[in-house]
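Chemist: sequence and predicted structure are below.
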Amino acid sequence: MNWKKWCLTIGASAWLAVAAPQFAHAAEHEDVFIIYKNDAGKQAIEENATAIVKDFEAFKTIEGTFSDDALRILKSDTNIQVIEKNATTYETSARYTTADLLSITNLSWSSKMTGITRPWTLGLTGNGVKVGVIDTGVAKVSGMDHVTRLSFVQDNPATSVDESTVYDTENHGTGVAGIITANSVKDGTNTVVGLAPNADVYSLKVFEGDNAEMSTILSAVEWSIENNLTVLNMSLGSAEPDAILERAIKAANAAGVTIIAASGNESSLSALAPVDYPAAYSGVIGVGAVDQQKVRSYFSNVGDTVDFVAPGESLRLLSKSGGIRVDSGTSFAAPHITAMITLLKEKYPTATTAQLQALLKKYSEDLGVSGRDDLYGNGLPNLAAFVTDEKLPTVENEPITPSPDDSDGSSLPIDTDDEAIETKSDAQQFISNNQYKITTWLSAIQEGRKIGLRTKFTPLYSLYSDLASPEKKLVKAYNKKIKTVVTSPTTKSTKISATNLTKMASAKTTQIRFTTPIKSSTLTENRVVIYRAGKEVSGFKLTKASSGKAIRLTTTKTLAKGNYVIMIDPTKLKTKTSKAITTPFAIKFTVK
């Protein structure tokens with residue numbers, strides 16, 4: 001999917017672009033940080049390192065000493081995510097006091113429109129709130145030295161440019177992040193300053209040029225969840241929904257992350273465009289743009305998923321060159337709401353997204369027709385009247401996922417009452433509890449990558465009936481790609497058959513017969529796995545016929561209701577004539 005750049009910001013330390021030096025003795029580089037994707041990447045690092053200083057296993061990162069030749073080898077390894085030769089050294093940034101902020105003169109009109117000086121007088125500056133900005137990176141400019149920068153973009157070794165740099169190459173993310181957290185920068189008679197300047201902001205770069213790969217966006221969301229970020233700005237979008245991204249959004253929601261996204265800029269003076277995704281997803285606060293007169297910007301997308309509007313036209317923004325530039329877009333409206341949510345989160349650290357949204361609505365100016373509308377949502381938030389003893393509103397929990405027949409997302413609503421939760425099947429419960437894990441599996445399939453047959457595809461296959469339509473299509477396509485031989489009560493195969501599939505609950509045994517005899521010594525117990533509702537089922541005993549034409553699986557355990565998949569991994573599997581077997585075997589049955 002082609003993710004456009006109408007929002008985003010991220011930053012980090014510059015990633016290494018390794019060149020081959022022409023020296024008799026290769027140079028050694030100390031304190032190099034390398035992020036690996038998988039075990040193969042980790043092994044490659046260990047084999048090429050001169051010395052390992054530390055293995056940050058939780059972050060898939062190794063610090064060590066490497067030669068130029070070693071770095072060149074690792075840079076071309078597809079199992080390596082990022083190489084950072086000159087790691088950024090962070091210093092404690094100066095924190096603004098209330099007096100500092102209130103002494104700033106000539107705030108821009110957009111800052112004044114948010115009523116930001118009122119929460120500042122109450123000491124609310126974003127202190128202690130971790131905010132992620134998924135975007136194009138943040139430049140190394142005055143006013144943004146305190147931002148923590150990370151890049152999830154992989155360098156292309158075939159180019160002379162280091163695409164993985166944590167810095168902003170598109171002049172987008174710097175402006176977005178600056179609205180949230182910039183230290184004061186003079187712009188003639190105006191001062192540009194972040195609305196939540198003391199927030200802990202993390203620039204999460206996902207864009208290479210104007211586009212972002214789904215895998216990089218997912219990695220940034222995953223990192224946000226694992227590192228306990230509480231607010232996430234996504235000034236990016238697409239007109240088309242994507243079940244993979246939606247599941248990742250739900251996983252972040254379930255982890256307590258409040259997500260704000262731009263509504264998109266596809267409207268015109270003659271036509272209105274619907275809200276882009278992810279802003280259109282339930283559980284995401286969608287933000288449109290208004291001008292200095294509080295009139296909807298003509299380009300701002302509209303619809304029932306616009307929650308608020310904010311300044312987004314002719315704004316003074318930090319530039320990647322270090323100066324101030326003027327730009328417009330819902331990309332820059334969204335971080336105004338992100339910053340205000342950050343201040344509220346500082347005051348109410350345990351508040352849910354629904355409570356924060358309800359509180360912001362209470363302090364919003366109703367624009368357009370009376371009440372909520374598709375052009376302005378719930379209106380323009382202004383915290384000028386925010387009171388010290390404001391109580392959090394009581395909000396009834398509502399499902400944040402679409403209904404089962406929605407074609408653009410997950411089929412599983414998140415229930416909010418005990419009775420509803422009790423009616424979930426085991427498969428539905430597994431999906432609800434493992435949103436991100438399932439998302440990464442499906443994303444890999446969508447991008448044409450292989451996934452583990454026994455540990456990833458088989459549990460996914462066992463969940464097939466409970467997946468959404470677009471997810472089922474991905475699983476079905478992958479099954480066809482790896483040429484799985486399938487048998488079930490309704491699917492027959494000329495290569496394999498199995499007994500008792502309709503009465504496994506009582507029989508507790510099945511004989512699996514192969515048309516082509518298998519070399520018995522190659523079919524070991526670890527080649528066969530059984531999954532139900534996403535989880536491996538233990539307790540089955542494997543016996544093999546000496547002829548190689550059959551195996552038997554037997555259990556003494558009571559089999560729970562649900563859909564089962566028996567998967568036979570063809571790795572190292574051979575026929576009686578020692579011919580390699582390359583296709584998996586899947587046996588499906590249901591216990592009712």
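Modeler: Structure's in. What do you need?

Chemist: in three-state terms, label Leu442 for me.
Modeler: helix (DSSP: H, G, I helix; E, B strand; the rest coil).

Chemist: quick one: it and Asp242 touch, right?
Modeler: No. Checked against Cβ atoms under 8 Å, the pair Leu442 and Asp242 is beyond contact range at 10.1 Å. Backbone N, C-alpha and C define where each C-beta goes, glycine included.

Chemist: so which of the two has more stuff around it?
Modeler: Leu442 (26 against 22; other Cβ atoms under 10 Å).

Chemist: which residues touch that one?
Modeler: By Cβ atoms under 8 Å, 6 or more residues apart in numbering, the contact set of Leu442 is Ala243, Ile244, Arg247, Leu460, Glu471, Leu474, Val475.

Chemist: okay, and the closest residue to Glu46 other than its chain neighbours sits in which element?
Modeler: What sits nearest to Glu46 in space, not counting adjacent residues and going by Cβ to Cβ, 6 or more residues apart in numbering, is Ile52, at 6.7 Å. In this assignment (DSSP states H and E), Ile52 forms part of strand 51-56.

Chemist: returning to that earlier point: hmm, the residue nearest to Glu46 is touching Gly64, no?
Modeler: Yes. Counting by Cβ under 8 Å, Gly64 is a contact partner of Ile52 at 4.5 Å.

Chemist: looking at these two, which is more packed in?
Modeler: Counted by other Cβ under 10 Å, Ile52 and Gly64 do not tie: Gly64 has more neighbours, with 21 against 13.

Chemist: doesn't the more buried one fall inside a strand?
Modeler: Yes. Assessed with three-state DSSP, Gly64 lies in a strand.

Chemist: from what I see, it and Ala51 are in contact.
Modeler: Yes. The criterion here is Cβ under 8 Å, and Gly64 meets it with Ala51 at 5.7 Å.

Chemist: how close does the residue lying closest to Met504 once chain neighbours are set aside get to Ile249?
Modeler: Spatial nearest neighbour of Met504, excluding adjacent residues (Cβ to Cβ, 6+ apart): Phe589 at 5.2 Å. Distance, Phe589 to Ile249, using Cβ to Cβ, to the nearest Å: 34 Å.

Chemist: neighbour count: the two, which is higher?
Modeler: Set Phe589 next to Ile249 and count neighbours by other Cβ under 10 Å: Ile249 wins out with 29 against 21.

Chemist: contacting residues for that one?
Modeler: Taking Cβ under 8 Å, 6+ apart as the test, what Ile249 contacts is Val221, Ile259, Pro278, Tyr281, Gly283, Val284.

Chemist: now name the helix or strand holding it.
Modeler: Residue-wise, Ile249 maps onto helix 243-254 under DSSP H and E.

Chemist: now do the SS call for the nearest residue to Thr509 once chain neighbours are set aside.
Modeler: Excluding its sequence neighbours, the residue lying closest to Thr509 (Cβ to Cβ, 6+ apart) is Thr554, at 4.2 Å. Here Thr554 is recorded as strand under three-state DSSP.

Chemist: partner residues bridging Asn190?
Modeler: Beta bridges link Asn190 to Asp187 when assigned by DSSP bridges.

Chemist: hmm, Thr105 and it touching each other?
Modeler: No. Using Cβ under 8 Å as the test, Asn190 is too far from Thr105 to be in contact (9.3 Å).

Chemist: more neighbours: which of these two?
Modeler: Neighbours per residue, other Cβ under 10 Å: of Asn190 and Thr105, the larger number sits with Asn190, 16 against 8.

Chemist: okay, that one: pLDDT?
Modeler: Looking at Asn190, its pLDDT reads 76.

Chemist: who touches it in this structure?
Modeler: Asn106, Leu107, Ser108, Arg316.

Chemist: most neighbours, which of those?
Modeler: Of those, with other Cβ under 10 Å as the count, Arg316 tops at 22 neighbours.

Chemist: following the chain onward from the helix or strand containing that one, which element is next?
Modeler: Assigned by DSSP H and E, Arg316 falls within strand 315-318. Using DSSP H and E, the helix or strand that follows strand 315-318 towards the C-terminus is strand 324-327.

Chemist: contact partners of the longest strand anywhere in the chain?
Modeler: Across the chain, the longest stretch assigned as strand under DSSP state E is strand 28-36. Contact partners of strand 28-36, identified using Cβ under 8 Å, 6+ apart, comprise 16, 42, 44-45, 50, 53, 59-68, 71, 74, 79-85, 87.

Chemist: can you tell me which of the residues you listed are in helices?
Modeler: Per DSSP state H, helices hold the following members of the contacts of strand 28-36: Lys42, Ala44, Ile45, Asp68, Leu71, Leu74.

Chemist: distance of the third one from Asp327?
Modeler: With the distance defined as Cβ to Cβ, Ile45 ends up 41 Å from Asp327.

Chemist: identify each buried residue in stretch 355-363, please.
Modeler: Within stretch 355-363, the residues scored as buried using 16 or more other Cβ atoms under 10 Å are Gln355, Leu356, Gln357, Ala358, Leu359, Leu360, Lys361, Tyr363.

Chemist: now swap in stretch 126-146 and tell me
Modeler: Buried, per 16+ other Cβ under 10 Å, within stretch 126-146: 126-127, 129-141, 143-144, 146.

Chemist: again, but for stretch 306-315
Modeler: Buried residues in stretch 306-315, defined by neighbour count with 16+ other Cβ under 10 Å: Val306, Asp307, Phe308, Val309, Ala310, Pro311, Gly312, Glu313, Leu315.

Chemist: make TSV out of those residues and add distance to Ile581 and pLDDT.
Modeler: Shown next, in TSV, are these (distance: Cβ to Cβ, whole Å; pLDDT from 0 to 100):
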residue	distance to Ile581	pLDDT
Val306	55	96
Asp307	54	97
Phe308	58	98
Val309	60	98
Ala310	60	97
Pro311	63	97
Gly312	59	95
Glu313	63	94
Leu315	62	94
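
Chemist: out of the residues you listed, which one sits closest to Val387?
Modeler: Phe308 (19.9 Å; Cβ to Cβ).

Chemist: what about the closest one, which SS state?
Modeler: Assignment for Phe308 (three-state DSSP): strand.

Chemist: from memory it sits against Val284, does it?
Modeler: No. Using Cβ under 8 Å, Phe308 is not in contact with Val284; the gap is 11.9 Å.

Chemist: what about Glu346, distance to Asp69?
Modeler: For Glu346 relative to Asp69 (Cβ to Cβ), the value is 49 Å.

Chemist: report the rounded mean pLDDT for stretch 580-592.
Modeler: For stretch 580-592, the per-residue pLDDT averages 93.

Chemist: show residues contacting that stretch.
Modeler: Contacts of stretch 580-592 (Cβ under 8 Å, 6+ apart): 453, 458, 461, 479, 482-489, 491, 495-496, 498, 501-502, 504-505, 510, 512, 514, 518, 559-570, 573-575.

Chemist: narrow these to those in helices?
Modeler: Counting by DSSP H, the contacts of stretch 580-592 contribute Thr458, Tyr461, Asn479, Met504, Ala505 to helices.

Chemist: comparing Glu346 and Asp69, which residue is more hemmed in?
Modeler: Glu346 (21 against 14).

Chemist: how much space is there between the more buried one and Thr230?
Modeler: For Glu346, the distance to Thr230 - Cβ to Cβ - is 10 Å.

Chemist: where does the prediction get shaky in the stretch 101-250 of the chain?
Modeler: For the stretch 101-250 of the chain, the stretches with pLDDT under 70 are 160.

Chemist: go with 90
Modeler: 101-106, 142-143, 145-146, 152-165, 169, 183-192, 207-219, 222, 226, 237-248 (pLDDT under 90).

Chemist: helices of that one, residue ranges please.
Modeler: Using DSSP state H, counting those that start in this stretch, the helices of the stretch 101-250 of the chain run over 109-113, 117-121, 173-181, 214-226, 243-254.

Chemist: and those, which is most packed in?
Modeler: Greatest average neighbour count among those goes to helix 173-181 (a mean of 32), per mean count of other Cβ atoms under 10 Å.
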